[in-house]
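Asker: Predicted coordinates and the sequence they were generated for:
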Amino acid sequence: QVQLVEFGGGLVQAGGSLRVSCAASGDIFNNYVMGWFRQAPGKEREFAASITRGGGGTYYADSVKGRFTISRDNAANMAYLQMNSLKPDDTGVYYCAARNGYEERLSQLSDYDYWGQGTQVTVSS
């Protein structure tokens with residue numbers, strides 16, 4: 001099974017950019033579809049983006065489409081979420097998730113089997 005550790009969160013002003021990263025270990029990384037989710041205070045965890053095993057297919061929530069970019073480096077066992085034009089509503093804990101499979105466009109929490117501990121992103125107005 002794969003272990004996931006997120007890092008790179010922080011405090012940024014509205015309109016700014018931030019990249020969060022997810023380091024994977026313990027299994028063959030390119031066996032896994034990867035996703036990013038986020039959870040704002042008092043709200044349920046929600047889907048942000050996903051990427052297929054080889055990186056050729058990406059899928060985004062409407063709320064982040066055009067502003068966020070998901071990517072992965074299979075040689076380095078890393079997944080990334082580049083976030084641009086950040087808004088205060090983007091504030092939350094960002095989690096990476098993994099599923100061993102070939103599916104595309106995975107957007108439900110139940111689609112994923114492994115989760116990291118999360119990294120906090122705060123966007124100030």
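Answerer: Looks like it arrived, so ask away. Note that the structure is a prediction, hence the values are computed from the model and not measured. Numbers count the residues shown, from 1 in each chain.
Asker: what are the phi and psi values for the closest residue to Asp27 other than its chain neighbours?
Answerer: Counting by Cβ to Cβ, 6 or more residues apart in numbering, Asp27 lies nearest to Val2, which is 4.4 Å off, once chain neighbours are set aside. (Glycine included, C-beta is placed from N, CA and C.) Val2 has phi and psi values of phi -100, psi 140 when expressed as degrees, to the nearest 10.
Asker: I'd like to know how many residues surround Val2.
Answerer: 19 (other Cβ atoms under 10 Å).
Asker: how about the CA coordinates for the helix or strand hosting Val93, as CSV?
Answerer: For Val93, the enclosing helix or strand under DSSP states H and E is strand 92-100. Only the C-alpha atoms of strand 92-100 are listed here, as CSV (Å, rounded to 0.1, in the frame of the first residue of the first chain):
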residue,chain,number,x,y,z
GLY,A,92,-9.0,24.8,3.9
VAL,A,93,-7.0,21.7,4.6
TYR,A,94,-5.8,20.1,1.3
TYR,A,95,-5.5,16.3,1.1
CYS,A,96,-4.0,14.1,-1.5
ALA,A,97,-5.5,10.7,-2.1
ALA,A,98,-4.7,7.6,-4.1
ARG,A,99,-6.5,4.7,-5.7
ASN,A,100,-4.8,1.6,-7.2
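Asker: Each with direction, which strands does it pair with?
Answerer: Strand 92-100 has the following strand partners under DSSP bridges: strand 32-39 (antiparallel), strand 114-115 (antiparallel), strand 119-124 (antiparallel).
Asker: about what we covered before: so the residue nearest to Asp27 is in contact with Asn30, correct?
Answerer: No. Look at Val2 against Asn30 with Cβ atoms under 8 Å: they stay out of range, at 10.9 Å.
Asker: So what does Gly15 have for phi and psi?
Answerer: phi 90, psi -10.
Asker: That one and Arg72, how far apart?
Answerer: 26 Å (Cβ to Cβ, to the nearest Å).
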